[in-house]
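Q: no sequence for this one, just the structure:
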């Protein structure tokens, strides 16, 4: 079963997550396993055009599978924000008080009108 939704680069066919496909599994060479964790590569064919698509496991990365060739992911999964990462400000915060619907004080009303 396909672990993620992908789009074939050749025919632009959308293949949904959970689709049962026949695949060939091989162990990734030239990779040193950490704590006995192995990486695998899966070869399968597009359901529409029979182009060869490959995905690879990536145990240390948040998306556990990486599309290697022949296709692209339909969407990238959201990763939880860590406390050490800087917070991205929203567009409303960048605009500041420009988007304030009503001025709060009479002085402010006069300053906006003049």
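A: Looks like it arrived, so ask away. Everything numeric in this text was worked out from a predicted model, so none of it was measured.
Q: isn't residue 25 right next to residue 38, touching?
A: No: shown here, residue 25 and residue 38 do not form a contact pair, counting by C-beta atoms under 8 Å, at 10.7 Å. To be clear about C-beta, it is placed using only N, CA and C from the backbone, and glycine gets the same treatment.
Q: so what's residue 72 bridging to?
A: Beta-bridge pairing of residue 72 under DSSP bridges involves residue 7.
Q: for it, what are its contacts?
A: 6-7, 9 (C-beta atoms under 8 Å, 6 or more residues apart in numbering).
Q: list just the nearest of these to residue 60.
A: residue 6 (21.2 Å; C-beta to C-beta).
Q: measure that closest one to residue 63 for me?
A: As defined by C-beta to C-beta, to the nearest Å, residue 6 lies at a distance of 12 Å from residue 63.
Q: so what's in contact with the two at the same time?
A: Both residue 6 and residue 63 are in contact with residue 73, where contact means C-beta under 8 Å, 6+ apart.
Q: which of the two has more neighbours?
A: Per other C-beta atoms under 10 Å, whichever of residue 6 and residue 63 has more neighbours is residue 6, with 23 against 13.
Q: I figured that one hits residue 75, correct?
A: No: using C-beta under 8 Å, residue 6 makes no contact with residue 75, being 10.1 Å away.
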